[in-house]
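need a 3D model of the following:
(one chain, ligands or ions: 1)
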Amino acid sequence: MTKKAVVVFSGGLDSTTLAYYVRSQGYDLHLVSFDYGQRHSKELVYAAKTALVLDARHDIVDLSSITPLLAAGGSSLVSGTDVPEGHYAADNMKATVVPNRNMIMLSIAGGIAVAENAEMVATGVHAGDHFIYPDCRPRFINAANAAIVLGNSGFGSIPETLEGYKPMRFISTPFIDMTKAQIAFTALELGVHFEDTWSCYKGGDRHCGKCGTCVERLEAISQAVEMYVEEGGQLTHWPDLTDYEDRNYWKTALKEGV
Ligand SMILES: [Zn+2]
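Alright, predicted model coming up:
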């Protein structure tokens, strides 16, 4: 029987690369997206494209009913606060925090994984997120992993007797020590279709190229291409076919520390 993994999947670059990666490890995929009614719900449309490419089951969990309750602090992902432009610095990123977000997603995806006898639930948290999002840090992931394993021992693929149970890693985070550029590099290696991923927080028809996530994305892909070529990788064209409103702003943003 093929082993199975549930992937927390937003349709962004990180989780799309994660889906390709987990697939490359020989898992059957169940991709699970969460709809917070977020203004960039566009990424869910992109998520569906990748699900097709990977021939994976894809479900969208509707959490829009809790959105107003989570937006009390004015998070710009779900409320009307202006999306900050410029590099994805700490202050910008603090404006994009949804309280308890990873716990909510991991607990639902973890439940699905137990129900389906999957061996793990994978999430694309990475080093670049640690400094601002406490729920992307290894300590939180370890705690969440322990909570799911303890709360479900004897169910799904989690044994009743946990002594000697490996992996204690029911939650898999293969990118947790990677930078965004290293994830983009992995994406290059795995042949991820960058244009099928959505990062922009502005919610337009095209990637704006100027918001924090767009700047971060363009910088990461550019660094990844450099690394890839340095290591002797062959590229016949620029691998990122994404349509950006402004493809060059990120360089200015970085130079001027916007
Ligand atoms: Zn943008």
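
give me the buried stretch members for the lengthiest helix in the chain, please.
Longest helix of the chain, by residue count under DSSP state H: helix 212-230. Buried residues in helix 212-230, counted by 16 or more other Cβ atoms under 10 Å: 212-225, 228. Any C-beta I mention is one placed from the backbone N, CA and C, and that applies to glycine too.

looking at these, spot the one nearest the ion.
Minimum distance to the ion across the buried residues of helix 212-230 is 3.2 Å, recorded for residue 214 (Cβ to the ion).

surely that closest one meets residue 247?
No - between residue 214 and residue 247 there is no contact under Cβ atoms under 8 Å: 9.7 Å.

would you mind listing what in the chain touches the ion?
Contact residues (Cβ under 5 Å from the ion) of the chain with the ion: 200, 202, 208, 211, 214.

where does the prediction get shaky in the stretch 151-258 of the chain?
Judged by pLDDT under 70, the stretch 151-258 of the chain has its weakly predicted residues at 166-167, 258.

residue boundaries of the helices in it?
Using DSSP state H, counting those that start in this stretch, the helices of the stretch 151-258 of the chain run over residues 180-190, 212-230, 249-256.

check which helices and strands the longest helix of the chain sits against.
Applying 3 or more Cβ pairs under 8 Å, 6 or more residues apart in numbering; DSSP states H and E, we find helix 212-230 packed against helix 180-190, helix 249-256.

which of those sits most buried?
helix 180-190 (a mean of 21; mean count of other Cβ atoms under 10 Å).

ok now that one, how far from the chain's centre?
Per Cα atoms, centre = their mean, to the nearest Å, the displacement of helix 180-190 from the mean C-alpha position of its chain is 13 Å.

many thanks, we can stop here.
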